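> Build me a structure from this.
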Amino acid sequence: MDQDIIIVGSALYLFLVASLAKLGSKRDIGGKKSFLYSFCLTPVVGFIIVFSSPKKDILHIVHYKCSRCGLEFTDYHRNCPSCRKEGVNVRLSRKSMHTY
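Here you go, the predicted model:
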């Protein structure tokens, strides 16, 4: 009975630490530091440290790529302008990227 409590408690502790590391990766503190703070100083202290750190500036970039010719466009086009000149209508696929 006591072993089950220790195993469940340890699993819960590691889950909280990993969750705070995931949240910390989107902030200036970073995932590794937030993992170490949460693991060594308890998840409660890690929570305070992670949420006191400012968020990273995330830039969301959308590109549209042609599967036929491989060209990428930043402006929305329904079909590839380059392939359309050749008389072929190819739909562009949307590619989303996040950068810090």
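
> So the nearest residue to residue 74 once chain neighbours are set aside: helix, strand or coil?
Once flanking residues are discounted, residue 74 sits nearest to residue 63: 6.1 Å by CB to CB, 6 or more residues apart in numbering. Placement of C-beta: from N, CA and C, glycine included. Assigned with DSSP: H, G, I helix; E, B strand; the rest coil, residue 63 falls in the strand class.

> how close does residue 63 get to residue 25?
24 Å (CB to CB, to the nearest Å).

> can you check residue 19 too?
11 Å.

> and if you look at residue 77?
34 Å.

> can you check residue 18 too?
Between residue 18 and residue 25 the computed distance is 11 Å (CB to CB).

> show me the contacts for residue 76.
By CB atoms under 8 Å, 6 or more residues apart in numbering, the contact list for residue 76 reads residue 64.
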